[in-house]
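*Asks:* Model the structure of this input:
(one chain, ligands or ions: 1)
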Amino acid sequence: MSQDRFIFDTVDYQNSANTVNNFVKIYNARNNAAVTGNSFKFKSDHDRMQNLLGSKGQSRNSGYYDGLYLNLYSLTFTDGSTVPSINGPGGAGWGAKLWSGPIPNLVNITDAFLTATIQRSDYILADIGGYLYSPTATTVTFQVTSDDGSALYFNGTNVISASAWTYHGTTTYTSAAVTVNAGYNPIRLLYFEGSVTGLLTMSYQLAGQPYQQLLPCNFFYNYNQM
Ligand SMILES: [Ca+2]
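*Replies:* Residues are numbered from 1 along each chain as shown. Presented below is the predicted three-dimensional model:
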């Protein structure tokens, strides 16, 4: 007699009243199919759940880790005017990978961060990716501030102005309210910096909430190394 095996995946969701709900979703271990009708929700103390389940990153059997994931590359264009490919690594202007790692809390790439991380702050490209998780469909508005270029893909579409992907001083770009599907929504933030001052920050506003710059682990995940 064969035995059914299941994967239990914990997710956290902060609702509009700032209450943290802890969900457990159940998947069939043979084919990763969600077991419908059997996902259930804990409305409980967040820390107590962590004590029960271990650190949040480790508790996700489906392989998702907290935060977004940052890959830094060398920008090979140093003339201050030639724009690199918006299609990412391998395209024009994208040189060697310089660094990679998770950014668990905040998108805030500054000259100081780059100098501390890769001992340089000019002629770099950043490819930041992961997922925004929501247990239900909703909407989100993003703001990206960059010097120089930036592009923000959400569920495969660039949701900020195409003019952001140019050389310019510090400028904030605001998306329209975009649809968030229930589940994991792919998100990718691209950035390039030529010379002089550089900056990249991202904030977001979920429906009914103020803008937040922090990326709480409740919402943003990455899937191993991209
Ligand atoms: Ca600059």
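*Asks:* For F192, the count of nearby residues, please.
*Replies:* Summarising burial for F192: neighbours were counted as other CB atoms under 10 Å, giving 28. No exception for glycine: its C-beta is placed from N, CA and C like everyone else's.
*Asks:* wait, is it part of a strand?
*Replies:* Yes: with DSSP: H, G, I helix; E, B strand; the rest coil as the criterion, F192 is located in a strand.
*Asks:* Now do the contacts for it.
*Replies:* Contacts here follow CB atoms under 8 Å, 6 or more residues apart in numbering; on that basis F192 touches 75, 83-84, 93, 124-126, 148-150.
*Asks:* can you check T138 too?
*Replies:* Applying CB under 8 Å, 6+ apart, we find T138 in contact with 180, 206-207.
*Asks:* if you set the cut-off to 6 Å instead, what comes out?
*Replies:* Under the criterion of CB atoms under 6 Å, 6 or more residues apart in numbering, the contact partners of T138 comprise 180, 207.
*Asks:* Quick check: bridge partners of it?
*Replies:* As for beta bridges, T138 partners with V180 under DSSP bridges.
*Asks:* swap in Y69?
*Replies:* With DSSP bridges as the criterion, the beta-bridge partners of Y69 are P102, G129.
*Asks:* again with Y73
*Replies:* Here Y73 sits in beta bridges with K97, L125, as judged by DSSP bridges.
*Asks:* is it true that it touches L125?
*Replies:* Yes: using CB atoms under 6 Å as the test, Y73 is close enough to L125 to be in contact (4.3 Å).
*Asks:* more neighbours, those two?
*Replies:* Just comparing Y73 and L125: by other CB under 10 Å the higher neighbour count belongs to L125, 26 against 23.
*Asks:* Quick one: residues contacting that one.
*Replies:* Under the criterion of CB under 6 Å, 6+ apart, the contact list for L125 reads 73, 75, 94, 192.
*Asks:* repeat that for 8 Å
*Replies:* Under the criterion of CB under 8 Å, 6+ apart, the contact list for L125 reads 72-75, 84, 93-95, 190-193.
*Asks:* Filter those down to the buried ones, ChimeraX style.
*Replies:* The buried subset of the contacts of L125, as determined by 16 or more other CB atoms under 10 Å, is captured in ChimeraX by this line:
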select :72,73,74,75,84,93,94,190,191,192,193
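*Asks:* Show me the common contact partners of Y73 and L125, please.
*Replies:* 94-95.
*Asks:* Give me every residue in the protein lying close to the ion.
*Replies:* Applying CB under 5 Å from the ion, one finds that the chain approaches the ion through 147-148, 196, 198.
*Asks:* If we use 8 Å, what do you get?
*Replies:* Taking CB under 8 Å from the ion, the part of the chain that reaches the ion is made up of 122, 147-148, 167, 169, 193-198.
*Asks:* I'd like those written out as CSV, with distance to Q212, secondary structure and pLDDT added.
*Replies:* Listed next are the residues of the chain next to the ion as CSV, based on distance: CB to CB, whole Å; DSSP: H, G, I helix; E, B strand; the rest coil; pLDDT from 0 to 100:
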residue, distance to Q212, secondary structure, pLDDT
D122, 30, coil, 98
D147, 22, strand, 98
D148, 25, coil, 98
Y167, 29, coil, 98
G169, 25, coil, 97
E193, 24, strand, 98
G194, 29, coil, 97
S195, 31, coil, 95
V196, 29, coil, 95
T197, 25, coil, 96
G198, 23, coil, 97
